[in-house]
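# Quick one: sequence and predicted model below, then my questions.
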Amino acid sequence: MGTPNLIDALRIVIQNERLASDSYAEAARQIVNPSAKQLFEELAKFEQFHFEHLSELAAALEESGAYQEYPGKEFPSPPIFEITAAQEPHMKSVMKIITEAMELEKKAELEYADLALRTEDRQGYEMFLKISSEENMHWRILLNAYWSLTNTGTWKWSQK
């Protein structure tokens, strides 16, 4: 993939990261439970990290055509919490928030995997695969929340 096409693709994913960060920040404002709120705040910070790094990468590619090393980011260990349906007064909206977030994460994961395959630069390939993997981790966290709420009526997030 040539650099101009890569830069165009980067601009798209950069905007997607901004939207994801904003969406998670808005979800955090809507959720009542402090621990669930913290989860969405952490997701917002993570997507902001992607936005900032990818913006720097796009600028570097435009200027010199060179990739920057992507350091990756660890998701913080979760607090141990359990939310029952009765504790979250807007459970339907929480399920909608989780479902929409899962869709965003899956889309992002696939877009980064596609960018990896279309990138000839080895460092770029590894960076996009790493970001794809991070998006998959977010999707799995949200999938566990969705499954837990759907099947048990309780949302558990622990370090296990």
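Right, received. Where do you want to start? Residues are numbered from 1 along each chain as shown.
# buried sites along stretch 122-132?
Residues G124, Y125, E126, M127, F128, L129, K130, I131, S132 are the ones in stretch 122-132 that count as buried (16 or more other C-beta atoms under 10 Å). Just so you know, the C-beta spots here come from the backbone N, C-alpha and C atoms, and that holds for glycine as well.
# OK, contacts around the third one?
The one in question is E126. Y70, A116 (C-beta atoms under 8 Å, 6 or more residues apart in numbering).
# So which residues make contact with stretch 6-22?
1, 43-45, 47-48, 50-51, 54-55, 57-58, 61-62, 104-105, 107-108, 111-112, 115, 118-119, 124.
# from those, which would you call buried?
With neighbours counted using 16+ other C-beta under 10 Å, the contacts of stretch 6-22 contain these buried positions: 43-44, 47-48, 50-51, 54, 57-58, 61, 104-105, 108, 111-112, 115, 119, 124.
# could you dump the buried residues of stretch 122-132 to CSV with distance to N144?
Converted to CSV, those look like this (distance: C-beta to C-beta, whole Å):
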residue, distance to N144
G124, 31
Y125, 29
E126, 27
M127, 26
F128, 25
L129, 23
K130, 22
I131, 21
S132, 19
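# can I assume W155 sits in a strand?
Yes - looking at W155 with DSSP: H, G, I helix; E, B strand; the rest coil, it is inside a strand.
# and the residue nearest in space to the middle of the chain, helix, strand or coil?
In the chain, the C-alpha nearest the mean C-alpha coordinate belongs to E135, at 4.7 Å (C-alpha atoms, centre = their mean). Counting by three-state DSSP, the backbone at E135 sits in helix.
# got a pLDDT number for L19?
Predicted confidence (pLDDT) for L19: 93.
# ok, back up a step: closest one to Q30 out of the buried residues of stretch 122-132, please.
Nearest to Q30 out of those is I131 (C-beta to C-beta; 26.5 Å).
# residue contacts, that closest one?
Here I131 is in contact with H50, Y70, Y112 (C-beta under 8 Å, 6+ apart).
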